[in-house]
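Asks: Curious how this folds, go ahead:
(3 chains)
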Amino acid sequence: MTRMHRRPAMRARTGGHIDRDTTLTFRFDGRELTGHPGDTLASALLAHGVRIVGRSFKYHRPRGIYTAGPEEPNALAGIGTGARRTPNTKMTAAELYQGMVAESQNRWPSLRFDALAVNSALARFLPAGFYYKTFMWPASFWEKVYEPAIRRAAGLGRAATEPDPDHYEAAHAHCDVLVVGAGAAGLAAARAAGESGARVILAEQDFLLGGGLLADPVHEGWRREMTAALEALGNVVRMPRTTVFGYYEQNMLGAIERVADHLPEPPPHTARQRYWTIRAREVVLATGADERLIAFPGNDRPGVMLAGAARAYANRFGVLAGRRAVLFTNNDAAYATVEALAAAGADRVTVVDTRPLGPAAAAARTRGVEVLPGHEVVGAHGGRGLYSVEARARGGDGGFQIDADLLCVSGGYNPAIHLASQSRTPLAWDSGIAAFVPGTAAGQRSAGAARGRFGIAAAARDGMEAGGAAAAAAGFARRPAFELPAGGADPDLTVAPFWEVTARGKSFVDLQHDVTTADIRLAHREGYEHIEHAKRYTTHGMATDQGKTGGLVGAAVLAEARGLPVEAVGMPTFRPYVTPITWGAVAGHHIRREFAPIRRTQLHDWHVRRGAEFLEAGLWLRPAFYPRPGEAPWDAILREGAAVRRSVGICDVSTLGKIDLQGADAAFFLDRLYMNTFSTLAVGRARYGLMLREDGMVFDDGTTTRLADDHFFITTTTANAGRVMEHMEFHAQTVWPELDVQFTSVTDQWAAMSVAGPNARRTLAKVVAGLDLDNAAFPFMGVADATLAGCPVRVFRISFSGELAFEVATPAGYAAIVWEAILEAGREFAIEPYGVEALGLLRIEKGHVAGAELNGQTTAADVGLERMAKKKGDFVGKALAGRPGLTDPARPRLVGVRAVAPDQQIRPGAHLLEAGSDRSLGWLASVTKSVEPGGWIGLALLSGGAARHGQRLQASFPLHGESVEVEICSPHFVDPENARVRA
Amino acid sequence: MTRYSAFGLLTKAFGGHAGWGRAWRDPAPKASYDVVIIGGGGHGLASAYYLAKEHGITNVAVLEKGPIGLGNTGRNTTIVRSNYLLPENNHFYEWSLKLWEGLEQDINYNVMMSQRGVLNLFHSDAQKAAAARRGNAMRLIGVDAELLDREQVRAMVPLLDFDNARFPVMGGLLQPRGGTARHDAVAWGFARAADARGVDIIQHCEVTGIRREGDRVVGVETTRGFIGAGKVGMAVAGNTSRVAAMAGLRLPIESHVLQAFVTEGLKPLVDTVVTFGAGHFYISQSDKGGLVFGGDLDGYNSYAQRGTLQMVEHVFAAGVAMMPCLSRLRVLRQWGGVMDMTMDGSPLICRTPVEGLYLNGGWCYGGFKATPGSGWCFAHTIANDAPHRLNAAMTIERFRDGRLMDERGTGPWPWAQ
Amino acid sequence: MHLITCPWCGPRDEAEFAYRGDATVARPAADAGIDAFYDYVYTRANPRGWHTEWWHHAAGCHQFVKVVRHTLTHAIAATGKPTDTLPVPAE
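Replies: Model prediction:
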């Protein structure tokens, strides 16, 4: 920054909103160039006389800078290096910073010599939709030959493949009045609303406030006064660099704030961009207008740009976009560009005006400007940079050349109605400006150029009124008082539409996608005459600029072909987003390991210390098993399972859902929710329950304990804890609101551990106080409160493993004390902690169903639990469980499966077949290597069910080319008489 | 019909392409047809095409309230696959995929069917078991499927997050023959091919009533007058409840909005269709270079063809969680489609209680890939007044009878299907 | 992004709620038969227009809120408690 640099050729000595005292260096395609704070990449390039900045999508034609804002179709660059490289960045909106590295796109090997420019020569064979008519033979060539070539040629920029090193954040805001856009209308609206006392947010996509005022030196004083006044208002929040991208329900708008894109990289602990959701009582859309192009041959040449852009480069950036300029216009407003270019030092400006001589043209002539009224441009010449413009009298023959290196085009202005359209505001055609304008809707109004009130004074006046009205609608009636811009009358801004110069050559209506007027006419000829069909067939308006400069022009060409007025043809639907939004900004912090929260039990740290391997169970992290050094997973799992079968083990089951239910109707409520009965359950006893969905399928299972007549403690599966809670709330609140029940989730309040195995009682008896664990005193399914190591516990004599087992629940804070005390007590029995894998092994051996079997596709009968259904009384799912399809005897039923060769692995997801058949009879849901009976076993759902016990089938896994002979058996591999749990 | 070919393109180029005529005619409706299809989306147009081609029924009109192909046909994410679990679905979608594979030559229109593969990631043992169950079911009936381990997935999609993921990728189920097609071209290609066989495609003709005599349908009231019909087929997914209500039917369907998105154009980055298993997200790259992606339903009844930011936030986060380099890209456009969500997540192609009235709908978010198969089966059902075995299970009565086609066991909650 | 007024908590963002479907269907009596339950569980009017529906304030008070919402415009006309009868505007 300290080196001395020569002033670039096209940079004026003075003027504009740039800081000439500071010089920034940057690179474009490897070349080091300079600019100043306040520049965009585009203005800095223009200052150096850079003409070609990119190649077009289809024909790879050389393209130059066309606009001075986010509506840019041509000037796209990859900005940044390495993981920070951001493709497709609009140079016209990219704020220059020291050290910026930018690279042009869609060219190979270089911008000046692009191999695929051959497409341009072949253009006549590549009309709109050419690909629909060919590449069909031979069929296999599409994927192998044609498509890879198309994919390589298509696309724009190159994405970085490394993870994004920056971070993003989300923020929410509420306000009385949101003003979108800080041009003359937006500034006035924000100040009017702000002075009334309303809380105002003023969002502006640019890094400076002012919009069109920034290109208007006459009103610079007013702009400064307005921004200063807004700064002084404590209730107005100004948000530059913030693009409002979408309009959502009940006046919520989404916005992206570019916090650090104007810096080489974000400062430490600062987000690169911030995603805002803003809820506003009232919204003022002061989004301005987009200048539109005129279709004529060569209107895409480097050196052709919109008139307003040339003016902005001259007045805002002090950059002369060309020395010998032609202005091609159908309106008076564009004449401001003539003055701007002249002031910035242009040698000459020639005006080609489509209209007869009017006041603006006459005034220009008096200033010595050459004006050609009633003329049109029929050609722009110069492959890599414009050198001449061909003009003729309108509709005449022939033409003459005008020596020029800059052609400024203005076909009129379209109010930027994207947001208004998203908000479902009705749009109307305004023939005075030949454009669609928005109406108003509840909570929302447009102001200024955004509704066709062109000119600084008119826009400011409209903005002040809109801001005042919005504040009043939000309840702030105080009248604002401030000066509106002084100065002459606004130019007459009515336009006679002028869309196209009919002449030979390629006239573009979509520069980025290379859509020409001929393409639109071809679409019409082929019957794609509806605007949406024409858009899709030609891809007109579907590029990253969303057709902001040429969309209406294309519609007009279509309208002309159809013999209809433009307004009857209409514009394609405006789809969000107003401008493209950064993916990561909306993703925010919910990525990588923070994609979802992690739930850990109270005993998590103990599991970690013990060296557990963890697995994901929904959001929970649960210990899968606890390997000893060098121990293979299955060895650990079988060791843990064997400990339970032979002595005692302990397992953290805190993740089970737990619900505390109270109320006079609690028992009745449970009878309605579960297929079995709970009203007959004695206090101090637990019962296994099965819950159906209303469609008759099994929903969830678990044990429920009666703690008092009107007090129950429910457990659910880990996976369904939230859903069961909601299911209960739905029924209690909406189906049977008359019932006296209250309940709350206590999942996190209680830790729970299962102590299982023949030595479980002996272990617990050493440490449990206040409860006789003897079988007679505390039988199977008993529940009682006690203390353990001085901690309050509730002991449930229930078993999932099929062994003598107790579940010990304790308020979560005591979990570690209770757990360690039990381990200590069990040391003499070689107690082993066991994880989820051994838990699964044990329950499969026992034939208990779990999530793999209760997968939402099975009925109670399918899993052998139909006898639990109560005979009398209503319950959820009762009626529809009786449907013929759910009682069909051919449905797959639960069976056990064992590998005939015990060491032969079987896998979940295998299908069961008869030998020699490929017809699936069922499938393996759960599989384990077993302690008892030993070898590989599983639970399956098999058509024919118990009738097939003893049969030999194939467990077929064609994905691995594998088929294993299995024997069908009872699902209860262990203790089918249930003697152990009652021991 | 002017045949499309490279040669035709070459010769017509010298006439400035003035020689191309309408892809399909723009006829005025006749007083009556043998068959009227309500709905000029892909399914309706395909139905008309196959009625003409397979059953010789050419006195057919397709009535479309706007321009053809702009409902869900033009609003989906273009994925084609047949990787289903339940045999009723799997056989049907596989037949549809087979039709896709020969479609371009059959209808002489390049729909850019691209068999780039569809990869479903899994992140847990339970998901792996479910994927294996499904993949094995596919293989057993002759559908291609491969179970990839983590390293095979990495070789195929190296940009996934293998290092910092909250739910690490364990593997994936790949259907190599799955892929994408150009959605608009499907509607246009079927329209042109049906038109060539004599079908009248009548745009801007909204059906406002279904006229019955006794239990039998006799025609439809439209904004362009009454049109008589021997048989009437409804293929109006998204609006099925509304059209069926004209015939007094109340269906197990809710309309829900599903959002989709596309990024700015990029050089090739994602070569296959990938679905995330740890969140609702899927992605592919179009030939034009945009990354096309989507996620879950917004989850409330809607006909709005637009969604809210709630789901957008989740989809974008899931995308970056799956593939971190997506973060820096820009999303260009978002849109919404109105899904006919049935209560078991599977479609309806069937007769109705009204004689001569047939229903094709309930496509949930599986409609695009079904397009040729759906049209083929619907044509068969209309022509024969009886379903083909491929769609025999896709009845309304299955809900009453409990013969549900619930691929994932979700239950009767359309917003969760 | 809907803004839903919970009768207990006031106006809250859609993000706090879980949608739970048509609130106009009522669970039949136990002995009403399969057809009545079929209608309750499966068939829906599914209007394009005003729809009375359940939203569960899952990230809030855990209450079910009855909402009259337009399925085309997403405008919300009324919200209330489960036992409230809410007026449905004319189209």
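Asks: okay, now the domains of the chain?
Replies: Picked chain A for this. A:24-125, A:168-289+A:415-473, A:294-410, A:505-580, A:604-655+A:749-842, A:658-745, A:889-983 (automatic domain parsing).
Asks: hm, I was asking about chain B
Replies: Taken from automatic domain parsing, chain B resolves into B:29-109+B:182-252+B:344-416, B:118-176+B:255-342.
Asks: Of all those, which one is nearest residue A:979?
Replies: With distances scored as CB to CB, the stretch of these nearest to residue A:979 is domain B:118-176+B:255-342 (31.8 Å). In this view, the C-beta of every residue, glycine as well, is placed from N, C-alpha and C.
Asks: For burial, what's the neighbour tally of residue 53?
Replies: Assuming you mean chain A. 28 (other CB atoms under 10 Å in any protein chain shown).
Asks: um, chain C though
Replies: Neighbours of residue C:53 under the rule other CB under 10 Å: 19.
Asks: Find me whatever residue is spatially closest to it, sequence neighbours aside.
Replies: residue C:23 (5.1 Å; CB to CB, 6 or more residues apart in numbering or on different chains).
Asks: The one you found against residue C:54, yeah?
Replies: Yes. Between residue C:23 and residue C:54 there is a contact under CB atoms under 8 Å: 4.8 Å.
Asks: anything in contact with each of these two?
Replies: A:734, C:66, C:67, C:82 (CB atoms under 8 Å, 6 or more residues apart in numbering or on different chains).
Asks: In CSV, list the residues you listed along with pLDDT, secondary structure and distance to residue A:689.
Replies: Shown next, in CSV, are the shared contacts of residue C:23 and residue C:54 (pLDDT from 0 to 100; DSSP: H, G, I helix; E, B strand; the rest coil; distance: CB to CB, whole Å):
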residue, pLDDT, secondary structure, distance to residue A:689
A:734, 98, helix, 22
C:66, 98, strand, 30
C:67, 98, strand, 32
C:82, 97, coil, 25
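Asks: Low-confidence ranges, chain A, go.
Replies: A:1-5, A:487-491 (pLDDT under 70).
Asks: Ramachandran angles for residue A:690?
Replies: phi -120, psi 130 (degrees, to the nearest 10).
Asks: how close does it sit to residue A:673?
Replies: 10 Å (CB to CB, to the nearest Å).
Asks: more neighbours, the two?
Replies: Using other CB under 10 Å as the criterion, residue A:690 and residue A:673 rank with residue A:673 on top: 25 against 21.
Asks: Could you show which parts of chain A are in contact with chain C?
Replies: A:248-250, A:252, A:277, A:279, A:424, A:694-695, A:725-726, A:729-730, A:733-735, A:737, A:873-874, A:878-880, A:882-883 (CB under 8 Å from any CB of the partner chain).
Asks: Quick one: residues contacting whatever residue of chain A ends up closest to chain C.
Replies: Going by CB to the nearest CB, chain C is nearest to residue A:874 of chain A, at 3.4 Å. The neighbours of residue A:874, taking CB under 8 Å, 6+ apart as the test, are A:672, C:30.
Asks: Is it in a helix, a strand, or coil?
Replies: coil (DSSP: H, G, I helix; E, B strand; the rest coil).
Asks: ranges for the helices of the stretch 1-150 of chain A?
Replies: A:41-47, A:118-121, A:141, A:147-153 (DSSP state H, counting those that start in this stretch).
Asks: Any chance of a markdown table for these, columns distance to chain B and mean neighbour count?
Replies: As requested, the helices of the stretch 1-150 of chain A are exported to a markdown table (distance: least, CB to the nearest CB, whole Å; neighbours: other CB atoms under 10 Å in any protein chain shown):
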| stretch | distance to chain B | mean neighbour count |
| --- | --- | --- |
| helix A:41-47 | 16 | 29 |
| helix A:118-121 | 12 | 15 |
| helix A:141 | 11 | 12 |
| helix A:147-153 | 5 | 16 |
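Asks: could the domains of chain B be laid out in JSON lines, adding distance to chain C?
Replies: Listed next are the domains of chain B as JSON lines, based on distance: least, CB to the nearest CB, whole Å:
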{"stretch": "domain B:29-109+B:182-252+B:344-416", "distance to chain C": "4"}
{"stretch": "domain B:118-176+B:255-342", "distance to chain C": "4"}
